[in-house]
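A.B. asks: Model the following, please.
(chains A and B)
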Amino acid sequence: MKQFRKMVYPYLLWSTVVIAVPMLLILLYAFTAGGNSVSKFMFSFKNFHRFLTDKTFLEVLYRSLRIAIETTIVCVLLGYPAAYIIAKYSEKVKMRWVLIITLPTWINMLVRTYAWTGILQEDGVINNILGIFGIGPVAFMYTDFAVILGMVYNFLPFMIIQIYTSLTKMDYSLIEAASDLGANPRKCFTKVTLPLSMPGVISGITLVFLPSVSSFCIPRMLGGGSYVMVGTIIESQFLTAGDWNFGSAISLIMAVIIMISMYITKKVDKGEKLEAINA
Amino acid sequence: MSKKKKKIGSGIFMALMVLFLYAPIIYTIVFSFNEGKSLTNFTGFSLKWYSKMFANKTMMEALFYTIACAILATAISTVVGTITAIGLSKSRKAVRGIVEQLNQLPIMNPEIVTAIGLLMLFSALHVEKGFFTMLIAHIMFCIPYVILSVMPKLRTLNPNIAEAAMDLGATPWQALTKVIVPQCMPGIISGALIAFTMSFDDFVISYFVTGNGVSNISILVYTESRRVNPSINALSTLIVVIITISLILVNVIPTIASKKEAKLAQDKDI
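C.D. replies: Modelled structure (predicted):
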């Protein structure tokens, strides 16, 4: 069967060119100065220096992280109960609910985000309903609220499905055992169900945090032109400002921050597991 | 009593969840039939935004490019991904490790990082931005998903069957097409489905690597969303309809086919 080994080589070549080389280009651009042409590069830390000393950029970084963390928290708070409720349904109903939750994600993200711009307008549906009760009109558009709402809307299904999967994989006899041994339902949940579903929550967090911290179309569409996040800065560096060196440096900083937060999330998860074992 | 209350509570929660997930989609569909230009006041039923959409050359072009790119990217990445996965299953651990690590990069990296990397690659190679670069980019991010969905299937296969086929005189090509590929067909099909939807829905990467007037639906919606244009609602509705129909087809056709088979088998028995 060794003759089949050769079948990997074309892809190996292809992936080197279109996957590895672009990453190396980002590194190269990030650590150099001297314009967008490859030929006249000079090694420098200028781009990182510029990002880390300029207060506006640090504020943008802080805002992106804050928005992404808030989005993730809202997704866990809404997603966990939803996943828990679905997991308790009968087998047939479960499948139907999984379909209901995942169906919207098949529809183009831009299309679904665009729909919110009409709903959240000052004379939109929500403000019309609020108007009946004499409230408003509230300016929803172009606020943190609109951006977080857009992100939660787009990424919540991933969280629900991840938690749901880990809840259904769980061994239910453990809960029975806990309650037989005298644990009340609350204790059963906090000591058995919750720790056992943690892997699902962790992968859900990864799937929500990663796209929200780097998103640029949701903040542009719901936050407006002056709403700046890390993703929108990178976009403007590449497509309007034309400073690829600086743009690469920002992407590199973002990638490193994401990697660190993933590492911490995984560590926390492991730590909790150890604690559970020790207890 | 408390159990009943809990049931009502969870029912309300799930109803609100459905409302949250589906309200924007329904809103778009409703306002695509709006007579006026407003996205907030429904003034009357009309199909004028649909006729405007079909008359709009950029929109029709974007629709064409999106579908053409999705079909080509799916076909190419499914074939290449399957071939690579089969090769990987017979490869040494080191080679497999390298390819798996490379594949992780576009999956784990934020899309925007992959996008700017490709943008700089195309510029370094002096490739002009357009449909071709978009297609290359889509093939690039689709193949890892195809490999990921074919690999688990391959791992469960019995390698002796292909060996036996070759011992009995099959050429390696025959062993491949008549034995290995049919056995991992479910994985290949799900890989192709993932590839198609990923390509069809892609925005970030396409946005960075395309140019010269070539755009897909996502890019069009993004650039048009800055001004009020209800034709976008019509286009969105069209997409919702296309996606829903294809999802139904994907889900229903296998069940109909299996039912028909069962019926045929029954008829034969009689």
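
A.B. asks: for chain B, longest helix please?
C.D. replies: In chain B, with assignment by DSSP state H, the single longest helix is helix B:231-269.

A.B. asks: Spatially nearest residue to the residue in chain A that chain B sits nearest to (excluding sequence neighbours)?
C.D. replies: Taking CB to the nearest CB, chain B has its nearest neighbour within chain A at residue A:22, 2.8 Å off. All C-beta spots, glycine's among them, are computed from the backbone N, C-alpha and C. Leaving aside its chain neighbours, residue A:22 sits nearest to residue B:117 (2.8 Å; criterion: CB to CB, 6 or more residues apart in numbering or on different chains).

A.B. asks: can you check residue B:141 too?
C.D. replies: residue B:106 (4.9 Å).

A.B. asks: Residue A:146 now?
C.D. replies: residue A:222 (4.1 Å).

A.B. asks: Helix, strand, or coil at residue B:170?
C.D. replies: Using DSSP: H, G, I helix; E, B strand; the rest coil, the three-state assignment for residue B:170 comes out as coil.

A.B. asks: what's downstream of the least confident helix or strand in chain A by mean pLDDT, the next helix or strand?
C.D. replies: Ranked by mean pLDDT, DSSP states H and E, the weakest helix or strand in chain A is strand A:42-43, scoring a mean of 76. Scanning forward in sequence from strand A:42-43 by DSSP states H and E, the next helix or strand is helix A:46-53.

A.B. asks: which parts of that next one are buried?
C.D. replies: For helix A:46-53, the neighbour count (16 or more other CB atoms under 10 Å in any protein chain shown) marks A:46, A:47, A:48, A:50, A:51 as buried.

A.B. asks: Repeat that for stretch A:170-178.
C.D. replies: For stretch A:170-178, by 16+ other CB under 10 Å, it's A:170, A:175, A:178.

A.B. asks: right, and residue A:46 touches residue A:33 too?
C.D. replies: Yes - with contact defined as CB atoms under 8 Å, residue A:46 reaches residue A:33; the gap is 5.0 Å.

A.B. asks: Overlap in contacts, the two.
C.D. replies: The contact sets of residue A:46 and residue A:33 overlap at residue A:245 (CB atoms under 8 Å, 6 or more residues apart in numbering or on different chains).

A.B. asks: The stretch 151-270 of chain B against chain A: which residues are in contact?
C.D. replies: Applying CB under 8 Å from any CB of the partner chain, one finds that the stretch 151-270 of chain B approaches chain A through B:159, B:162-163, B:172, B:176, B:197, B:200-201, B:203-204, B:208, B:217-218, B:221-222, B:225, B:232, B:235-236, B:239-240, B:243, B:247.

A.B. asks: Weed out the non-buried ones from these.
C.D. replies: B:162, B:176, B:197, B:200-201, B:203-204, B:208, B:217-218, B:221-222, B:225, B:232, B:235-236, B:239-240, B:243, B:247.

A.B. asks: helix or strand right after the host helix or strand of the residue nearest to residue A:146?
C.D. replies: Element membership for residue A:222, per DSSP H and E: helix A:217-223. Using DSSP H and E, the helix or strand that follows helix A:217-223 towards the C-terminus is helix A:230-236.

A.B. asks: What sits closest to residue A:188 if chain neighbours are left out?
C.D. replies: The nearest residue in space to residue A:188 (CB to CB, 6+ apart) is residue A:178, at 4.8 Å.

A.B. asks: residue contacts, that neighbour?
C.D. replies: A:187, A:188, A:191, A:192.

A.B. asks: Same question for residue B:211.
C.D. replies: Under the criterion of CB under 8 Å, 6+ apart, the neighbours of residue B:211 are B:128, B:129, B:130, B:133.

A.B. asks: Could you look up the SS state of residue A:137?
C.D. replies: Reduced to three states by three-state DSSP, residue A:137 is coil.

A.B. asks: Give me the local confidence score for it.
C.D. replies: Residue A:137 carries a pLDDT score of 79 in this model.

A.B. asks: got it, and residue B:37?
C.D. replies: The predicted local confidence for residue B:37 is 79.

A.B. asks: ok, it to residue A:240 distance?
C.D. replies: 29 Å (CB to CB, to the nearest Å).

A.B. asks: Which one's more surrounded, those two?
C.D. replies: Between residue B:37 and residue A:240, counted using other CB atoms under 10 Å in any protein chain shown, residue B:37 has the larger neighbour count: 12 against 8.

A.B. asks: so the more buried one sits in a strand?
C.D. replies: No - Residue B:37: not assigned to a strand; according to three-state DSSP it is coil.

A.B. asks: Which parts of chain A are helices?
C.D. replies: Under the criterion DSSP H, chain A contains helices at A:9-15, A:21-30, A:46-53, A:55-88, A:91-102, A:109-120, A:125-132, A:144-169, A:173-180, A:185-188, A:194-214, A:217-223, A:230-236, A:244-278.

A.B. asks: quick one: average pLDDT of the first one?
C.D. replies: Averaged across helix A:9-15, pLDDT comes to 92.

A.B. asks: Just give the nearest non-adjacent residue to residue B:122, would you?
C.D. replies: Closest residue to residue B:122 apart from its sequence neighbours, by CB to CB, 6+ apart: residue B:133 at 5.2 Å.

A.B. asks: element containing the one you found, please.
C.D. replies: helix B:131-156.

A.B. asks: quick one: low-confidence parts of the chain?
C.D. replies: Since you didn't name a chain, this refers to chain A. Applying pLDDT under 70 to chain A flags residues A:1-2, A:34-41, A:271-279.

A.B. asks: Oops, wrong one, chain B.
C.D. replies: B:1, B:266-270.

A.B. asks: In it, which residue sits closest to chain A?
C.D. replies: Proximity of chain B to chain A (CB to the nearest CB) peaks at residue B:117, 2.8 Å away.

A.B. asks: residues in contact with that residue?
C.D. replies: Residue B:117 sits next to A:22, A:23, A:25, A:26 when contact means CB under 8 Å, 6+ apart.

A.B. asks: Name the member of these with the most neighbours.
C.D. replies: residue A:22 (26 neighbours).

A.B. asks: rewinding a little: which residues belonging to the longest helix of chain B are considered buried?
C.D. replies: B:231, B:232, B:233, B:234, B:235, B:236, B:237, B:238, B:239, B:240, B:243, B:247.

A.B. asks: One more: stretch B:29-47?
C.D. replies: B:29, B:31, B:32, B:33, B:34, B:38, B:39, B:40.

A.B. asks: restrict those to those near chain A?
C.D. replies: Within the buried residues of stretch B:29-47, those near chain A by CB under 8 Å from any CB are B:31, B:39, B:40.

A.B. asks: Just name the closest of those residues to residue B:184, please.
C.D. replies: residue B:31 (44.8 Å; CB to CB).

A.B. asks: three-state assignment of the closest one?
C.D. replies: Secondary structure, three-state DSSP: residue B:31 is helix.

A.B. asks: Now do the helix holding residue A:222: everything it contacts.
C.D. replies: For helix A:217-223, contacts defined as CB under 8 Å, 6+ apart pick out A:67, A:109-110, A:113-114, A:116-117, A:120, A:141-144, A:146-147, A:149-151, A:154, A:212, A:227-229, A:231-232, A:235, B:203-204, B:222, B:225.
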